[in-house]
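A.B. asks: Sequence first, predicted coordinates after that:
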Amino acid sequence: MSDRSQKKNQLKRRLGLLTLVLLGGLWGCSSPSANPGPRNVTLSQKWALQPGDRLAGYQVQSGLGDITLDIKGKRVFMPFDGQVQPAEGKADLCVILSSPDVPAYLFRLCGLRQPKLGDLAQGDPIGHGDSVSFATMRRQADGTWAMVEPAKEMIEQFLDQP
């Protein structure tokens, strides 16, 4: 076989391999968490008013345990690698953020417009909003979650892109 036909065959093999890789990426290698379902979080505390409830026709945006900031339409960022899911029953208002970096904690953000769901990397934008509420929850021994005061530094990580 001549050098020219060897090079031609080698090029065909590379193009075939490249085609398989590209097609695999388009049809069958999508992430299972690309569109995660709603997450139910059972809180150990029970308060009468929760985000999403309605009072006199108005929607409650935050509740006891939430810190609400007027971020004037700016973006909120992932403070670490993790997953963003809609909050069960409040999918149009709140998202739940979880991360293997902080497995004992969940973060609930309410008031984001067009939140990005699924697996996100540190620094990725989650969404943007005007009044955004932040809540931090810690896992309890019985498997429920308790609201805890969020650290100022933690909230700042959501607001400053790393």
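C.D. replies: Thanks, I have the structure now.
A.B. asks: now this protein, which segments are flagged as low pLDDT?
C.D. replies: Low-confidence segments of the chain, defined by pLDDT under 70: 1-34, 40-45, 47-48.
A.B. asks: what ranges do the strands span in it?
C.D. replies: Along the chain, counting by DSSP state E, strands occupy 54-55, 58-59, 67-70, 75-77, 82-86, 94-98, 105-110, 118-120, 125-128, 131-139, 145-148.
A.B. asks: Out of those strands, which is closest to Lys46?
C.D. replies: strand 145-148 (11.1 Å; C-beta to C-beta). Just so you know, the C-beta spots here come from the backbone N, C-alpha and C atoms, and that holds for glycine as well.
A.B. asks: which strands and helices sit next to that closest one?
C.D. replies: strand 131-139 (3 or more C-beta pairs under 8 Å, 6 or more residues apart in numbering; DSSP states H and E).
A.B. asks: please redo it, this time with the cut-off set to 10 Å
C.D. replies: Contact partners of strand 145-148 among helices and strands, from 3 or more C-beta pairs under 10 Å, 6 or more residues apart in numbering; DSSP states H and E: strand 105-110, strand 131-139.
A.B. asks: Kindly reformat those strands as CSV containing distance to Lys90 and mean neighbour count.
C.D. replies: As requested, the helices and strands packed on strand 145-148 are exported to CSV (distance: least, C-beta to C-beta, whole Å; neighbours: other C-beta atoms under 10 Å):
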stretch, distance to Lys90, mean neighbour count
strand 105-110, 7, 22
strand 131-139, 11, 20
